Each structure stands twice: as C-alpha cells, then as structure tokens.
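**Student:** Take a look and give me a structure for this.
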Amino acid sequence: MGKRSRRRGESSEPADTPDDVSAPDEGAPGRLRPDGRLREVALLVEEADYLLALYRWVVLTGEVPRAQDWLRREEWPHPDYVIDVFGSWEKFLQHAEIPSSPLLARVREADEGRRALAAREQQAERDLARVDDLRRQVETAKRRREAAAAERSDLSARVERLTSQLGRAEERAAAAESHRAERRQQAEDAAGPRSEAGDEWLAAHEALQDELEAVRAHREELLRQVEELREAATQDAKAIARLSSALGEASAVPDGNGAPVVPDAPPETVAEAVRRAASGAHHLVFTDAAYESAADSPYRRPGDVLDTLTRLDELAGLYADPDGFGRSLGQAAEQLGLTWRQSVSELARSRNRHAYTVTHDGERLELGPHVALGSGSGAGFIARIYLHVADGSGDVPRGLYVGHVGRHLPDTTTA
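**Tutor:** Predicted structure coming up:
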C-alpha cells in the first residue's frame with residue numbers, strides 16, 4: 001500500500017493498484033467479495049507505514065515528533081492522514097507505545113547527563129576565574145606588603161631625622177630666648193641717651209627676634225610633620241597586618257591541577273595596568289579618556305592601580321543589580337578597601353568643567369566620584385581614578401564608567 005499524497009487536493013488512490021483491475025465479480029471463484037475487508041487491509045498497511053515513519057523519526061532525531069514537525073517536512077507523512085487513521089496524534093503515539101519507550105528514556109538520561117556536564121564545565125570555568133582572581137590578589141598583597149614595609153622604613157628614618165632637627169631647633173630657640181633676655185638686661189643696665197651703639201643693638205635685637213620667630217615657625221612645622229608621619233606609619237602598620245593575613249589565606253589556594261599558584265608579573269606602567277584591568281573586567285566600563293590619562297600618568301606604583309581597578313570591577317558587579325545591594329556605594333567601596341571620595345565640589349567643577357567631562361559612545365559623562373591612591377605630593381606619589389556612576393535612568397546603561405586614571409584633576413586647591 002503506497003503512501004497517500006501529501007497534498008490534500010490530490011488523488012489518494014493507492015500507487016501500486018493496477019490500472020486494469022475491474023470491479024470484482026461476485027460469481028467468479030477466487031475473487032474478494034466487496035465486504036469491506038480490502039479497506040481494512042489498506043488501513044492496516046497505512047498504520048504500519050505511519051508507525052514505521054514514527055520509529056524512523058525517533059531513531060534519527062532521538063525525539064518524539066509533533067504534528068507540526070511532520071507538517072513542515074515533505075519526506076514525512078502528512079499529520080492529517082495520521083489523525084484520520086488513528087483518531088488523534090496522541091492516540092498515534094500511545095498506539096506506538098512511545099511514552100514508555102526505554103530508548104527515549106535513555107536519550108532523556110543522556111540529555112540530562114549532557115546538561116549536567118555543561119553545568120560542571122561552567123562551574124569549572126568560574127572556579128578557574130576565581131583562581132585567577134586569587135592569584136592577582138596574592139600578587140597585589142605581596143607588592144603592597146613590600147611597598148608598605150619599604151615606606152614604613154622610609155617614614156621611620158624620616159621621623160628620626162625630623163626628631164633630630166626638632167631637637168636642634170628647640171636648642172636654638174632656647175639659646176635665642178636666653179640671648180634675648182641677656183641683651184634686654186644689658187639694655188636696661190645701659191639706660192641713657194641713645195647712641196650709635198644703641199641703634200646697632202636695636203637692629204641686632206630685631207634681627208634676633210625675627211630669627212626666633214622663624215625658629216618657632218620651623219619647630220611647629222616639624223612637629224606637624226612628625227605627627228603626620230607617625231599617623232601614616234600607624235596606618236601602614238595596619239595595612240601590612242591586613243595584607244599579611246590576606247596573603248596567608250590566598251597563598252594556600254592551588255590551581256586547577258593542584259600545583260601552587262604562580263602570580264603574574266606586575267605591570268610596569270599605569271597604562272599597562274589599565275589595559276590588563278580592562279581585559280579582565282566583567283562589569284567595569286573603560287572610556288577612551290581613561291586610556292589616554294593613564295598613558296600620561298607618572299605614578300610609581302602601577303600595581304596599586306591594577307589592584308584598585310580589580311576591586312572597582314567587583315564594586316561595579318554589585319552596583320549592576322538595579323534593585324540595589326543593601327548599602328550605599330560608598331559603604332560597599334570602603335568594605336572593599338577603597339579610599340572612596342563621593343564627589344568633587346561644585347566650585348571645582350564649575351571652574352574646570354572640561355576636566356570633569358568625558359565622551360563615551362557619543363554620550364557626555366560627568367565625572368565626580370573617585371578613588372584616591374598613594375600619599376605625599378607629586379604625580380609620582382599620588383593618583384586618582386575618577387568615575388561616572390550611571391543609574392540607568394537616561395541614555396547611558398546602568399554601571400560604573402572609568403573616565404580618568406592618573407593625575408589629580410584640578411580643584412579649588414589648584415593654582
């Protein structure tokens with residue numbers, strides 16, 4: 001029995017029926033009587049044909065077909081003819097015992113296993129990314145600990161020098177006070193008409209008094225510097241303790257093969273630090289102005305810039321949630337160990353509006369929030385990372401945008 005034509009308007013006569021078959025003769029011996037049995041045989045052949053097509057589909061695709069699947073393919077029986085024979089598509093599948101097929105059960109198990117394997121691969125990729133992040137943290141902690149130790153040593157030596165200078169200044173001040181009192185006593189003893197010697201004494205007295213005031217001012221400046229250095233040394237000691245603890249925790253993390261983690265080489269320039277941070281960033285957006293300002297920065301610790309940008313990427317990941325993350329952006333930044341500054345003064349922005357504006361993808365971004373790096377004076381010892389914080393209410397997508405990396409932008413303290 002041949003397949004029916006797929007086009008419903010075409011003839012549905014069997015393809016293998018001879019053309020010269022005449023109507024059966026009831027009186028002729030050996031001829032089938034027209035009692036409907038021929039139609040029954042034809043239906044059985046059609047059922048077998050459609051079941052064969054169904055099993056072939058399952059073997060080739062590993063899936064249970066839908067009526068729409070056969071409707072769109074010329075090589076498969078038309079679903080309307082299947083429904084004519086079996087009553088419905090569901091009865092067709094039940095008649096073929098497809099729902100209880102062990103083969104399909106194994107295919108489903110294989111699919112579940114494949115999905116589980118894909119999930120494990122994704123988890124392995126996340127673990128590798130975490131290992132890379134820990135590797136960077138280990139290297140950053142090492143560099144910061146070494147830099148903090150060197151800076152602490154320098155500060156200790158400077159404190160000793162300033163303490164010595166302070167002692168000498170106090171001795172000079174005491175000697176000047178004594179000399180002033182002695183000259184005053186001499187002036188009182190030699191009371192009388194002013195002479196040329198008296199004029200000379202008065203000029204010397206005024207010069208000595210000026211010197212005494214200068215010594216006192218120098219002494220106050222030295223005292224202020226000593227206090228600042230002591231406070232900086234205390235902060236560095238705390239930072240060294242914190243970094244040592246982080247280094248101890250991170251150094252125990254092996255890589256994917258169980259071998260110890262080998263950190264990457266630190267960046268040599270601020271521009272390299274920005275490029276490496278941008279290549280590994282998942283949430284932080286870098287503008288062209290960030291690369292240009294980084295190339296112009298003489299900051300001596302580019303490793304700190306890379307570490308800070310890595311932390312800012314983590315902060316950007318927290319900020320990416322439009323529903324918030326339970327605390328302010330400044331609080332989250334401080335918890336990540338960033339020296340966060342919420343904004344700049346309106347006076348500084350109005351005086352230097354061009355310095356606090358960058359362009360990204362055709363949109364103008366206003367810079368304000370920034371992170372401070374380093375201590376001291378000069379572009380080689382301090383750096384700033386200025387950001388634009390977009391809440392997603394405008395044309396700029398929600399996120400943190402890096403607009404400037406390097407030199408301190410002009411503000412109210414800039415001449």
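**Student:** show me the residues around W76 that make contact.
**Tutor:** Contacts for W76 (C-beta atoms under 8 Å, 6 or more residues apart in numbering) come out as 53, 57, 65, 69-70. Where you see a C-beta, it was placed from the backbone N, CA and C, and this is true even at glycine.
**Student:** mind running it again at 7 Å?
**Tutor:** 53, 57, 70 (C-beta atoms under 7 Å, 6 or more residues apart in numbering).
**Student:** which one of those residues is nearest A278?
**Tutor:** For the contacts of W76, the closest approach to A278 (C-beta to C-beta) belongs to W57, at 50.2 Å.
**Student:** burial count for N352?
**Tutor:** Other residues near N352 come to 16 when the count uses other C-beta atoms under 10 Å.
**Student:** State the next helix or strand along the chain beyond the helix or strand bottoming out on mean pLDDT in the chain.
**Tutor:** Ranking every helix and strand in the chain by mean pLDDT, DSSP states H and E puts helix 196-250 at the bottom, with a mean of 70. The helix or strand immediately downstream of helix 196-250 is helix 270-280, counting by DSSP states H and E.
**Student:** what is the rounded mean pLDDT of that next one?
**Tutor:** Mean pLDDT, computed over helix 270-280, is 95.
**Student:** contacting residues around it?
**Tutor:** With C-beta under 7 Å, 6+ apart as the test, helix 270-280 has contacts from 267, 286, 290-291, 294-295, 297, 299, 302, 305-306, 309-310, 405-406.
**Student:** what about the helix ranked longest in the chain, distance to the chain center?
**Tutor:** If you go by DSSP state H, the chain has its longest helix at helix 102-189. How far helix 102-189 lies from its chain's middle: 21 Å, per C-alpha atoms, centre = their mean, to the nearest Å.
**Student:** Likewise for stretch 310-321?
**Tutor:** 5 Å.
**Student:** What are the buried residues along it?
**Tutor:** 310-320 (16 or more other C-beta atoms under 10 Å).
**Student:** For those residues, please prepare TSV with the additional fields pLDDT and distance to D411.
**Tutor:** Output for these, formatted as TSV (pLDDT from 0 to 100; distance: C-beta to C-beta, whole Å):
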residue	pLDDT	distance to D411
T310	94	27
R311	94	24
L312	95	21
D313	95	26
E314	93	28
L315	93	23
A316	92	25
G317	91	30
L318	90	28
Y319	90	25
A320	87	30
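**Student:** quick check, nearest of those residues to E74?
**Tutor:** Once C-beta to C-beta is applied, the member of the buried residues of stretch 310-321 that ends up nearest E74 is A320, at 48.9 Å.
**Student:** what about V285, how many neighbours?
**Tutor:** Residues within reach of V285, counting by other C-beta under 10 Å, total 22.
**Student:** In space, what's closest to it - neighbours in sequence excluded?
**Tutor:** Y401 (4.6 Å; C-beta to C-beta, 6 or more residues apart in numbering).
**Student:** Many thanks, I have nothing further to ask.
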